[in-house]
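Chemist: below are the sequence and a predicted model for it; my questions follow.
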Amino acid sequence: MRTNPKYKEEGILFYLLLLTFFLVLLEISYFIQCNRGYLSDFTFVSKKLSIPVTILPGILYFLFSQLVIHLFYVASVCIIVKLMANLIPPIAKNKILFAICIWALGIVTILTANQYLIPNSKFSELTAIVLINSSMTKIVFITLTSCCGLVILLSLISLLNLIIRSKAAMISVLIISTVSAIFIYSRQESSSDRIITAYSNTSSSRPNIILIGVDSLRPDFLSYFGHDRITPFFDSFLERSAVFSEAVTPLARTFPSWSSLLTGQYPRQIHIRSNLAKHDNLNFVNTLPAILKRNGYETIYATDETRFSNIDTNFGFDNIISPPMGLNDFLIGNFNDFPLSNLLINTVAGKWLFPYSYANRPVYFAYDPDSFLSLLKPVIEKKRNQPLFFAVHFCLTHAPYLWKDLNGYDSTTPQERYVQSIARVDQQLSDFYLLLKNNHLLDHAIVVLLSDHGEALEFPGDRITEKDLYVTAHSSGTPVVPKFYPPSLDDEQINQSAGHGTDVLGLPQYHTLLAFQLHGVGPFKTGDTPGIVSLLDIKPTILELINTPAPDSSGISLLKYIQGQALANSLNSRHLFLESDFSPEAIRTVYPEERKVLLEGIDIFQINPLTTRLTVKDEMTSKIIHSKQFADIHDGWMLALYPQNQDFRMPILINLNNGQWTNDLQSPFAQHSPAQLMLEKLRAFYGSEIANVSTAS
């Protein structure tokens, strides 16, 4: 008796669907096992926060995408089996067994590929039980992919035979010819567009303005400033730029730092005092992008991280290029760690199927730096007849300093990974800069290279208070060095600090990269310019370069220094203010865990039910401000105020030239300094936040 072929096909589909169902159950089981902490955290968070139903569409879309790719895998196996059976007759007699073998070969290959290509995936820890080292993984990966390649090749040969034997062969040739003609024509059109783009950009009387930001980058880790690890792009760029080697940010967190950069105002003036601060009702009429837009510029902001920095069109941008903002970024981004989806995330299909994971830096285990460049490429190649203001923020150098291709979470230190992340972002910026150059956006342009803040890594000197340089008014006995900063998770010494925005005397946190390059905009002086400047100075500098007023700016124009018309020493007479952010204990470490940071600060957040974004509660603002440290830098001195209790902020005065410091403003050391003037300036600027607080215990 002969078996009905149709019945046999249905039997194959049933068995493959059943196997895939059990695979999904195993994936979910392992996922729960690996993420028990996150799942319990979600229960905790849902009790603390009101979770809006508006997150459901994103979650349902994610589940639908997972279903689609698993069903696509089943369909692919069915097609391969059918094609192979037509080519090799013996297979037709035992299709079901052959289908199961092909399905299993594919799954094992996917798991091996996941470990080889996505080494920081949770599923890589599972397969690492068998594939114990990278050499073995590579050999098995090559062997399995070769087998899969052979199967696919045979399937394609079978398909080709079917097409040749079919009466539709001529139609197929016609279709292929038509598609080829369309492709060639579109390429010609694209080339034509690029020529027009080049002409438009170079012919404009106003220069393009490009801001290139790098997250958490401290300048002393670049070989230009003496580090032993070579950073070719940074070095090449800085050697041809006007470099301000002592630039600082007013608040060493991404959102307040970029907000101050774009507005030219201090965090206190624009009321953005922390990451995820609300800005719905703020006045951004005179931001840098808003002013440039009124002057005919197309304004675009791009970043590969939006969890704690929600810069959007309110700032005056025409377009935002970034992963989706909101609670689902936290939920779906990190949870999307499954072997099948991991291999698709950084593809064209992954861009649409998994928008919360594609080109999203916080999804570190799957983040591919080139995927972010793929998002930027269409913008760079776009035909335009107006000048462009393009602000791009690269976040690869942010903790945990890991990405798809870097395997070493357990085997390397954070400090080692930080160095490696700088080397990788150097290549990423080089590729980005080449895109700009090839599309003639640099023919007539102002380019600013910056970091939003630095990073403290618990190296000696990461806090500028050396124990041996403490000065006391008491002449007898061993001086007792004060403990003025909050304890961290790590065993820090008084000259160490960790993270960013946690400690105003951790100057590596506040020290930023800042360099200007002018292309066809006028002469400028290359080389280093010493003297304290601020990211606040970027807005007035750019606007003066295009002869436009800079309203509402607390910064100064650096143009005369860029052109070599002024001495840098005059910069030191300024008073530059710094402040810290709200810093729960979990963030004051070189081993920060995002979930712990979020949990410790959960009481200060709320969720906007319309946008699903996390923002700081209005009633928590005073708590955040009360916890802040404040500082003034002036004329080679720094005065910092550290909260100790409700009525007392301990002053820490440091001579930045010789490193001597004290907490006694009545000592002879302090009396021969501008400490009182600096204290008056701090009280005048921060007003009631510190005006009534004593600095004497």
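Modeler: Happy to help now that I have it.
Chemist: Tyr73 sits in which helix or strand?
Modeler: helix 56-87 (DSSP states H and E).
Chemist: and if you look at Ala550?
Modeler: Using DSSP H and E, no helix or strand contains Ala550.
Chemist: you'd agree it is up against Thr287?
Modeler: No - here Ala550 does not reach Thr287: they are 11.0 Å apart, not a contact under C-beta atoms under 8 Å. For glycine as for every other residue, the C-beta is placed from the backbone atoms N, C-alpha and C.
Chemist: in the helix or strand that the helix holding Tyr73 is followed by, what's buried?
Modeler: Sequence order places helix 89-93 as the next helix or strand after helix 56-87, per DSSP H and E. Buried residues in helix 89-93, counted by 16 or more other C-beta atoms under 10 Å: 91-92.
Chemist: mean confidence (pLDDT) on helix 89-93, please.
Modeler: In this model, helix 89-93 has a mean pLDDT of 82.
Chemist: what angle separates the next helix or strand along the chain from it from helix 56-87?
Modeler: Sequence-wise, the next helix or strand downstream of helix 89-93 (DSSP H and E) is helix 95-117. Orientation of helix 95-117 against helix 56-87 (axes from the mean of the first three to the mean of the last three C-alpha atoms, to 10 degrees) gives an angle of 130 degrees.
Chemist: who does helix 95-117 touch, helix- and strand-wise?
Modeler: Counting contacts by 3 or more C-beta pairs under 8 Å, 6 or more residues apart in numbering; DSSP states H and E, helix 95-117 packs against helix 5-34, helix 56-87, helix 122-127, helix 134-165, helix 339-342.
Chemist: what residues are up against Met638?
Modeler: If a contact means C-beta atoms under 8 Å, 6 or more residues apart in numbering, then Met638 has 464, 505, 631-632, 653-654, 656 as its contacts.
Chemist: what about the stretch 251-400 of the chain, any weak spots by pLDDT?
Modeler: Judged against pLDDT under 70, the stretch 251-400 of the chain has no low-scoring part.
Chemist: kindly report the same for the stretch 401-550 of the chain.
Modeler: Ranges of the stretch 401-550 of the chain meeting pLDDT under 70: 408-411, 474-478, 487-490.
Chemist: tell me where it has strands.
Modeler: Using DSSP state E, counting those that start in this stretch, the strands of the stretch 401-550 of the chain run over 445-451, 456-457, 498-499, 514-519, 527-534.
Chemist: for this structure, which residue is closest to the average position?
Modeler: Centroid-nearest residue in the chain, with C-alpha atoms, centre = their mean: Cys395, separated by 2.6 Å.
Chemist: tell me how far that one lies from Val379.
Modeler: Cys395 sits 18 Å away from Val379, taking C-beta to C-beta, to the nearest Å as the criterion.
Chemist: Ile604 too?
Modeler: As judged by C-beta to C-beta, Ile604 and Val379 stand 35 Å apart.
Chemist: and if you look at Leu610?
Modeler: From Leu610 to Val379 the distance is 27 Å (C-beta to C-beta).
Chemist: report the buried residues of stretch 383-394.
Modeler: 387-394.
Chemist: ignore what I typed, I meant stretch 437-454.
Modeler: 439-454.
Chemist: what's the answer for stretch 638-652, then?
Modeler: Within stretch 638-652, the residues scored as buried using 16+ other C-beta under 10 Å are 638-643, 649-652.
Chemist: could you report the pLDDT at Gly213?
Modeler: In this model, Gly213 is scored at 98, pLDDT.
Chemist: my guess is it meets Thr397, correct?
Modeler: No - using C-beta under 8 Å, Gly213 is not in contact with Thr397, being 10.7 Å away.
Chemist: near Asp537, how many other residues are there?
Modeler: A total of 25 residues lie near Asp537 under the criterion other C-beta atoms under 10 Å.
Chemist: repeat for Leu217
Modeler: 28.
Chemist: what sits against the residue nearest to it when sequence neighbours are not counted?
Modeler: Distance criterion C-beta to C-beta, 6 or more residues apart in numbering; nearest residue to Leu217, sequence neighbours excluded, is Ser451 at 3.7 Å. Ser451 sits next to 213-219, 512-513 when contact means C-beta under 8 Å, 6+ apart.
Chemist: can you do 7 Å?
Modeler: Residues near Ser451 by C-beta atoms under 7 Å, 6 or more residues apart in numbering: 213-214, 217, 512-513.
Chemist: so which of those residues wins on neighbours?
Modeler: Counting by other C-beta under 10 Å, top hit in the contacts of Ser451: Leu217 with 28 neighbours.
Chemist: that one: what secondary structure?
Modeler: Here Leu217 is recorded as coil under DSSP: H, G, I helix; E, B strand; the rest coil.
Chemist: now it, what are its backbone angles?
Modeler: Main-chain torsions, Leu217, degrees, to the nearest 10: phi -90, psi 120.
Chemist: contacts only, for it.
Modeler: Counting by C-beta under 7 Å, 6+ apart, Leu217 touches 397, 422, 451, 454, 513.
Chemist: one more: Ser627?
Modeler: By C-beta under 7 Å, 6+ apart, Ser627 lies in contact with 582, 643.
Chemist: for it, give its distance to Asp618.
Modeler: Applying C-beta to C-beta, the value for Ser627 to Asp618 is 16 Å.
Chemist: same question, Arg240
Modeler: 47 Å.
Chemist: what's the angle from the helix holding Tyr73 to helix 134-165?
Modeler: With the same axes, to 10 degrees defining the directions, helix 56-87 sits at 70 degrees from helix 134-165.
Chemist: helix 56-87: how far from the chain's middle?
Modeler: With C-alpha atoms, centre = their mean, to the nearest Å as the basis, helix 56-87 stands 32 Å off its chain's centre.
Chemist: in it, what counts as buried?
Modeler: For helix 56-87, burial by neighbour count (16+ other C-beta under 10 Å) applies to 58, 61-62, 65-66, 69-70, 73-74, 77-78, 80-85, 87.
Chemist: what of stretch 279-290?
Modeler: Buried positions in stretch 279-290, judged by neighbour count with 16+ other C-beta under 10 Å: 279, 282, 284, 286-290.
Chemist: repeat that for stretch 218-237.
Modeler: For stretch 218-237, by 16+ other C-beta under 10 Å, it's 218-219, 221-225, 227, 231, 233-234, 237.
Chemist: mind putting the residues you listed in a markdown table, pLDDT included?
Modeler: Compiled in a markdown table, these are given as follows (pLDDT from 0 to 100):
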| residue | pLDDT |
| --- | --- |
| Arg218 | 97 |
| Pro219 | 97 |
| Phe221 | 97 |
| Leu222 | 97 |
| Ser223 | 96 |
| Tyr224 | 97 |
| Phe225 | 96 |
| His227 | 94 |
| Thr231 | 96 |
| Phe233 | 98 |
| Phe234 | 98 |
| Phe237 | 98 |
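Chemist: could these go into a markdown table alongside secondary structure and distance to Arg253?
Modeler: Below are these laid out as a markdown table (DSSP: H, G, I helix; E, B strand; the rest coil; distance: C-beta to C-beta, whole Å):
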| residue | secondary structure | distance to Arg253 |
| --- | --- | --- |
| Arg218 | coil | 15 |
| Pro219 | helix | 18 |
| Phe221 | helix | 19 |
| Leu222 | coil | 22 |
| Ser223 | helix | 27 |
| Tyr224 | helix | 25 |
| Phe225 | helix | 23 |
| His227 | coil | 24 |
| Thr231 | coil | 24 |
| Phe233 | helix | 26 |
| Phe234 | helix | 23 |
| Phe237 | helix | 25 |
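Chemist: next, Asn655: phi, psi?
Modeler: Main-chain torsions, Asn655, degrees, to the nearest 10: phi -90, psi 110.
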